[in-house]
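**Student:** okay, sequence plus prediction incoming.
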Amino acid sequence: MSGSRQQGFAAPFALVTGFGLLFALGTLAAALHAWFSPTVVLAAAAAVVTVLSFVAEPLAAIPLGVVGWLTAVGFSHPPYGQLRFAGPFAGRSAIVMAACALAGGGLGLLLRRSADGHILKGVGTDAGLPGASPAPGQNGYGPAAGGRPVPERGSVLAKAAYAVGARRALTGVLVAAAGLPLLTLLLALARPHLSLTDDLLIYLVAVVALAVIGGFWPAVLGAASASLLLNWFFTPPLHTFTIGKPDNLLALLLFVTVAMLVSSVVHLAANRAGQAARSREEARLLLTLAQTVLGGADTPAAVLDHLVATLGGQAELLEHVGGNWIRIAASGGEPDQAAPATRVDVRTDLALEVSGQPAPIAAGLLAGFAAQAAAALDRERLRTQAAQAEALAEGNRMRTALLAAVSHDLRTPLASIKASVSSLRQTDVTWTESDQQVLLATIEENADRLDGLIGNLLDMSRLHTGSLQPFLRPITVDEVAPVALRGLDAPAGLRIEVPDGMAMVLADPGLLERVLANLFSNALDHSPPAMPPALQARRLGDTVVIEVADHGPGVPDRLKARIFEPFQRFDDKKVGVGLGLAVAKGFTEAMGGAIVAADTPGGGLTVRITLPVATAGAESMQGAGS
C-alpha cells in the first residue's frame, strides 16, 4: 500500500508489533508473579495500544484494543492466563482500551489530515492500475496551481483491500464467514482424536489460506474469529470464554500473533507482486513511448496523443507566458472543467495537465510523459530555429553570390554598352558606317546578355520565394522550341529534331520556353562551331523525353548533380551568373517533370527533360500566369 501521511503506519507492521509487545507484557507480568499491580499492567497495555493506534492506520486500532484488553484481563493478577470477562476490572479495562484505541486512532488521523492540508496534493506513488490506491506525491498542483481539484482517494473498501483488490477482500470475508464455522463443526466431531495443538495448527492453516485469498484484513478477521472459536469450543472449560490453564491462554496468544505475522508476510508478498506488476506496466508504457518518439513522432502533440491513447482522458501541455498559462499542445478533446485534473510541473514555465482518466496515473509514469513532452517541445523548437537559421544562411549565400554576380557578370555587359555609347557620342571622331554598325551590334549583344542575366535572377527569385504557380496546358515541343531560340547567339547552328505526330506534353508554355532557352544557351556556349548542339524528342510510355545535347568538354560524373545548383560554374572562360541550369531545374520540377544530366555519346553533355504526356481530356491547371 502507499505510505501516505493520512494512512499512517501500515497495519501489518503495526499489528505484529503491537501483538508482540502485548504478548511480552503479559509474559513478563506472569513471570514476575504480582510484582506488577493490575493497574500497572492495564496502564502499560493502554500505553502500547494508544501509541500504536496513533501511528498506525485507523482500522488497526480495533484489533489492537481487543488484544490489549485480553492482555489486561488475563495477566493483571493471578491466577494468570484465566480470562475473567465479568467483574469491575474487566469492565474498566474494556472502557480504558476502547477510549485509548479511539483517542489514539482519531488523534493520529486528525493530525495527519491537518498536515496534509498544508501540502498541495499530487499524484499517488502507487497509483495507475486498477486496485491500487492513490497517494499524494511531491508535485504541487490542485486548485491553487491549476484551478481544478485533484482526484479523491479510492474507496474505503479498496484501501482496506490493499494489494489484492476489493473483490478478493470481499471473497476472503465471505470464505471466513462460511468456512470457519464449517471447520469448527468438523473439528468438534473429531475432538476425541485431536489435541488443542492440532486444532491450533489447523486453524492457523485456515488463517493463512484466508490471507492468500483475501489479503490482510480478512486474515485479521479470521484470526480473531478463530481464537474465539478455539476458546469457546476447544479450550477447557468448554463453551465459556474462561481459560482454565495459563498455557492454553499462552497458546491462544501465540496463535493470534503467529497468524498476524504470517498474514503480514503473505500481504507484503502480494503487495510486492502488485508493485512489480505496476512497475512492469509502467516500464512497458515508457518503452512504448520511447519507441514512438524514436520512430519519428517527436512532437509534443504526438506524445500527448500516445498518453491519451494509452491511458485515456485528456491531456494538455501548458506554458507560462506573460503571466498566463497558454496551451501549446493538447489531445483527447476539450477537458471538462468540472472534472478533477492532475497537473505536474516539468519546470517553472511548463506543466502537463491530465484529466478524465479512468484510473489514477502513477507519479513516475506521468513524470515520464511530462519529461518526454517537454523534450519534444524543445527539440521541435530547435528544429524550427535550425530551419530558420538554414534559410537565413541560404539567403545570405544567395545575396553574397548575387553581389558577386552584380559586381562582375552584370557590370561587364554594362561596361561594354557604356563604352560603345560613349564612343558613338564622341564629336571629335568621325566613325564610318561599318564602325557604327559594330558598336551598335556590341550594344545590342550586351543588352541581350544583360536581359538574360536579369531574367534568370528574377526567375531564381521567384523559385526561391515559392511564388511560382505554373499554368499547365497541352502543348507541342516543336511549337515552343523555335521561340526559345530567339535572342540567342548563333541560333541557326542548333538542330531541332522532333518526330511528326509527337504527343503533346502537359506544361506551361512560358516556363518551358525559359527552360529550353537556358539549355540552348548553355549548349551553344560549350559546343564547337563544327559540331552544333541538337534537340531531340521522343515518347517513352506516358512521358515525353526532351534531350539537349552538346559536344563540348562535358562534366565529370561527380559534378553532374551540382551543375543544377545556383551560382555554380565549372568553366571560367564563359561569363554568366551560373543560374541557367538552376532555373531550368526549378521550372521543370514546378511543371511536374524531372531533369538530369548525362554524357553525350562521343563526348559532351546531354541534359534530359521528362514531362508527362497530355491526355485527350486534359484540362488546364489554373494558377498564376508565369
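**Tutor:** Great, that's in hand.
**Student:** C-alpha from now on. contacts and neighbour counts both.
**Tutor:** Fine.
**Student:** gap between residue 425 and residue 344?
**Tutor:** Here residue 425 is placed at a distance of 82 Å from residue 344 (CA to CA, to the nearest Å).
**Student:** out of the two, which sits in the busier spot?
**Tutor:** Between residue 425 and residue 344, counted using other CA atoms under 10 Å, residue 344 has the larger neighbour count: 25 against 10.
**Student:** contacting residues around residue 352?
**Tutor:** In this structure, residue 352 makes contact with 315, 316, 317, 318, 343, 344, 345, 346, 370, judged by CA atoms under 8 Å, 6 or more residues apart in numbering.
**Student:** swap the cut-off to 7 Å and go again
**Tutor:** Neighbouring residues of residue 352 by CA atoms under 7 Å, 6 or more residues apart in numbering: 316, 317, 318, 343, 344, 345, 370.
**Student:** and for residue 319?
**Tutor:** 325, 326, 327, 328, 349, 350, 351.
**Student:** among the residues you listed, who's most crowded?
**Tutor:** Neighbours here are counted as other CA under 10 Å. On that basis the top member of those is residue 351, with 23 neighbours.
**Student:** confirm that residue sits in a strand?
**Tutor:** Yes - secondary structure of residue 351, determined by DSSP: H, G, I helix; E, B strand; the rest coil: located in a strand.
**Student:** hmm, residue 345 and it touching each other?
**Tutor:** Yes - the pair residue 351 and residue 345 passes the contact test of CA atoms under 7 Å, sitting 4.3 Å apart.
**Student:** endpoint to endpoint, stretch 585-597 covers what distance?
**Tutor:** 11 Å.
**Student:** what distance separates it from the centre of its chain?
**Tutor:** If you compare the mean C-alpha spot of stretch 585-597 with that of the full chain, they lie 41 Å apart, counting by CA atoms, centre = their mean, to the nearest Å.
**Student:** spatially, what comes nearest to residue 38 if we skip its sequence neighbours?
**Tutor:** Take residue 38 and drop its neighbours on the chain: the residue closest to it by CA to CA, 6 or more residues apart in numbering is residue 76, 4.2 Å away.
**Student:** how about the one you found, phi and psi?
**Tutor:** Main-chain dihedrals, residue 76, degrees, to the nearest 10: phi -80, psi -30.
**Student:** quick check: domain ranges of the chain?
**Tutor:** For the chain, automatic domain parsing gives the domain ranges 11-136+165-271, 279-382, 408-462, 470-612.
**Student:** to residue 394, which of those lies closest?
**Tutor:** domain 470-612 (10.8 Å; CA to CA).
**Student:** and residue 611, what helix or strand is that in?
**Tutor:** Counting by DSSP states H and E, the element that carries residue 611 is strand 605-612.
**Student:** need the domains of the chain in JSON lines with distance to residue 391, can you?
**Tutor:** JSON lines is the format used below for these (distance: least, CA to CA, whole Å):
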{"stretch": "domain 11-136+165-271", "distance to residue 391": "44"}
{"stretch": "domain 279-382", "distance to residue 391": "14"}
{"stretch": "domain 408-462", "distance to residue 391": "14"}
{"stretch": "domain 470-612", "distance to residue 391": "15"}
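**Student:** now the ones you listed in TSV, with distance to residue 397 and mean pLDDT?
**Tutor:** Rendered in TSV, the data for the domains of the chain read as follows (distance: least, CA to CA, whole Å; pLDDT from 0 to 100):
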stretch	distance to residue 397	mean pLDDT
domain 11-136+165-271	53	77
domain 279-382	22	79
domain 408-462	13	79
domain 470-612	10	84
